[in-house]
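In: okay, sequence plus prediction incoming.
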Amino acid sequence: MQVSAIDERFGMRRVPQGQPVVSAIARTLPKVVAMLCMCSAAHAQLELTGLDEPLRENALTHLELDDESCDAAMWRIREQFSRAEQQIRTGLEAYGFYASEISANLAFGVECWTAQFEVDPGEPVRLRNVSIAVTGQASSDPEFSALAQSSTLRPGEPLSHAEYERVKRALLDLALYRGYAEAAYTVNRIDVYPQEGVADVELRFNSGPRYSFGEIEINQDALDRSVVEGYYDFRSGDPYDRDRLTALYGALVGSGYFRAVDVFPLPADPVSRQIPIEVDLSAGGRRAWSYGIGFSTDTGPRIRFGRTDRRVNSRGAQLGVDGLLSPVASELSFNYRFPYGNPRSEWVSLNTGLMHEKTDTSTSDTLELGIRRVVSRRSSWQETQFLDLTVEDFEVGDIESRSRLLTPGISWYRVDADTAIRPDRGNRLGLEISAANDSLGSDTDFIQIDASGKWIWSFENRSRLLLRARLGVTRQRNFDELPASVRFFAGGDNSIRGYGFESLGPIDENGAVIGGDRLAVTSIEYEVPIRRRWSAAVFIDSGNAFQSGNFEAKTGAGFGVRWQSPLGPIRVDLAWPIDDAMEDDPRLHVSLGADL
């Protein structure tokens, strides 16, 4: 017996015996309405056994008897019961079970009725021949080949009408996204042979020609058109791709220039075979203010504030003022930035700022002027090329001096995480190379490399392993000429816990920490959730700042708790300095900020 092509239920119809069956949607809708309007009448008992999920759920979806109440007329119950077996089989056939056996029983009691159905679904029909062919211009499009190969419609697999419909929709959706506006099926059928227990699937999909981007209409009055055009990476005549529209939307939203962004395709033009694009933009507020408070044991309480003019002119320039106040570090900086080349990925900024830092080991006051070119590279890497002029008054140990440095350099930075709040997987990597030379106006010569990384892995119980490392090296003419900002120190919340902020490093003859030209610090931490927003952690940190050939590691270890607050993760740790017999009391470390 053969069953073939295009059914209202699953995209197919029974040829030899096929009485039309009401569609699943038409059968399901009255059930939804009945559930919403359910009255106080008692519900009858219906037992459906012998099936695993999702077979049972799908069978109940088709079973109209399941909705009848105890006070329904007896003739109506008998009528629904007489149709129940076929309805159950219909639900099973959606998953390829065409040889089911059903034992049914209906009984009427004094107060209600009971229906029992014992079902043996039998063996599922398996696919014998599967042919999915794409013709037209998309036949050479690798996206379509990948979609067809990802399907579970393969010889030997159980027949699934749901998977068949998914593949059909996916091919049409992909054609829409890739610009095949004339795409259509020439053949789409399932041939089922229940007695042989096999089925054949044939899909013939003709994509037709691929359309291109048409005219791009931009409606906005905030910026020069050329600036907005820089945000999209396609032009009229390029092959159409909906993903490029999604990327354009995200870039415009993230630019900060606009309050509302709409990017959408217009109806395709079959004559020119192009799809016009319309971009509607509403300007956002020009000025933005930001405020924040925080605390860490490294810096104590701190207040941060900022003001940004997001549209200084129609070319997209922005002007920002940022400030930070804390007992340890304070700064006030000004930043003028503008898009250069592609505004999605390249900016130039002019910076100036005043900074003051006073720790237990050093004091510095710095004036900085700089220019930076920031470029977004592949794989989320951000590259920064910079040239800074700094004048720094510093005091380290018994050295009190002023340093003038003209420092060119380059850095790379990347954060990759599955979520920004509490990542289960991710990493943060950074590398900076900088140098100074007295022939360029600096007071000393040096070249410095500073690399850092942090990695997070999670396990099935939601526990996490966090690794952190930082390595730095400086080659200099005279170490005493290096200002405090160029020297390496260790210790603190994000370095070696158990020791004070920047309290570790080489010491002078008076026992004062003067910093080093090398740095090696590493940390390992294991964190276990203990309730919804709380987790506990144990950790060990080790390393030190040192001068070449004189490395003496300092180690701190301890435990702590983490709270996922609305402002971000708050970490409270108790750490003991293992290597320092003079300091056997634990040190409290409190910090607030993202894990990566």
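Out: Perfect, thanks for sending it.

In: any regions of this structure where pLDDT drops low?
Out: 1-44, 581-583 (pLDDT under 70).

In: which strands border the lengthiest strand in it, and is each parallel or antiparallel?
Out: For the chain, the longest strand by residue count, based on DSSP state E, is strand 399-417. Sheet pairing for strand 399-417, assigned by DSSP bridges, gives strand 382-396 (antiparallel), strand 426-436 (antiparallel).

In: now D221, what's its secondary structure?
Out: Here D221 is coil, with the state taken from DSSP: H, G, I helix; E, B strand; the rest coil.

In: circling back: columns mean neighbour count and distance to Q137 on top of the strands paired with strand 399-417, output as a markdown table?
Out: Quick note: C-beta positions are derived from backbone N, CA and C, even for glycine. Putting the strands paired with strand 399-417 into a markdown table (neighbours: other CB atoms under 10 Å; distance: least, CB to CB, whole Å) gives the following:
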| stretch | mean neighbour count | distance to Q137 |
| --- | --- | --- |
| strand 382-396 | 17 | 38 |
| strand 426-436 | 18 | 40 |
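
In: quick check: the closest residue to A283 other than its chain neighbours vs R235, distance?
Out: The shortest distance from A283 to any non-neighbouring residue, by CB to CB, 6 or more residues apart in numbering, is to A222 (3.7 Å). Per CB to CB, to the nearest Å, A222 is found 22 Å from R235.

In: the stretch 201-350 of the chain: helices as residue ranges?
Out: 225-229, 242-254 (DSSP state H, counting those that start in this stretch).

In: wait, which of those helices is closest to E123?
Out: helix 242-254 (41.9 Å; CB to CB).

In: check which residues of the closest one are buried.
Out: 244-245, 247-249, 251-252 (16 or more other CB atoms under 10 Å).

In: let me know the closest of these to G214.
Out: Among those, and counting by CB to CB, the member closest to G214 is L245, at 12.6 Å.

In: what bridges to the closest residue to the closest one other than its chain neighbours?
Out: Using CB to CB, 6+ apart and skipping the chain neighbours, the partner closest in space to L245 is V263 (5.3 Å). Beta-bridge pairing for V263 (DSSP bridges): V279.

In: you'd agree V263 is up against R244?
Out: No: contact criterion CB atoms under 8 Å: V263 and R244 do not qualify, at 9.7 Å.

In: name the element E527 belongs to?
Out: strand 518-531 (DSSP states H and E).

In: strand partners of that strand, parallel vs antiparallel please.
Out: Strand 518-531 has the following strand partners under DSSP bridges: strand 464-476 (antiparallel), strand 534-546 (antiparallel).

In: still on that earlier bit, A222 and R235: which is more packed in?
Out: Comparing A222 with R235 by other CB atoms under 10 Å, the one with more neighbours is A222, at 18 against 10.

In: residues contacting that one?
Out: Listed by CB atoms under 8 Å, 6 or more residues apart in numbering, the contact partners of A222 are 257-258, 281, 283-284, 311, 314.

In: just the buried residues from those, in PyMOL please.
Out: Selecting only the buried entries of these in PyMOL, with 16+ other CB under 10 Å as the criterion:
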select buried, resi 257+258+281+284+311
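
In: relative to I132, how far out is E202?
Out: For E202, the distance to I132 - CB to CB - is 8 Å.

In: centre-most residue in the chain?
Out: Closest to where the C-alpha atoms of the chain average out (CA atoms, centre = their mean) is D418, at 4.6 Å.

In: I'd say it and W457 touch.
Out: No: using CB under 8 Å, D418 makes no contact with W457, being 11.2 Å away.

In: between the two, what contacts are shared?
Out: In contact with both D418 and W457: R425, using CB under 8 Å, 6+ apart.

In: is T366 in contact with S485, as I believe?
Out: Yes: T366 lies in contact with S485 (CB under 8 Å); the separation is 6.4 Å.

In: and these two? Which one has more around it.
Out: Set T366 next to S485 and count neighbours by other CB under 10 Å: T366 wins out with 20 against 16.

In: residue contacts, that one?
Out: By CB under 8 Å, 6+ apart, the neighbours of T366 are 354-357, 390-393, 483, 485.

In: can you add distance to A181 and mean neighbour count and give the strands paired with strand 518-531 back as TSV?
Out: Converted to TSV, those look like this (distance: least, CB to CB, whole Å; neighbours: other CB atoms under 10 Å):
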stretch	distance to A181	mean neighbour count
strand 464-476	47	17
strand 534-546	52	20
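
In: so which of those is nearest A115?
Out: A115 sits nearest to strand 534-546 of all the strands paired with strand 518-531, at 50.0 Å, using CB to CB.

In: which SSE is immediately downstream of that closest one?
Out: By DSSP H and E, the next helix or strand past strand 534-546 is strand 554-565.

In: what's in contact with that next one?
Out: 421-422, 490-491, 496-499, 504, 527, 533-544, 569-580, 586-587, 589, 592.

In: longest helix in this structure, by residue count?
Out: Using DSSP state H to define each element, the chain has its longest helix at helix 74-93.

In: pull out the buried residues from that helix.
Out: 77, 80-81, 84-85, 87-93.

In: got the contact list for F117?
Out: Counting by CB under 8 Å, 6+ apart, F117 makes contact with 46-49, 84-85, 88, 102-104.

In: L592 is in contact with G568, isn't it?
Out: Yes: L592 is within contact range of G568, at 6.0 Å (criterion: CB under 8 Å).

In: and the strands paired with strand 399-417: which comes nearest C70?
Out: Across the strands paired with strand 399-417, closest to C70 is strand 426-436 (CB to CB), at 57.0 Å.
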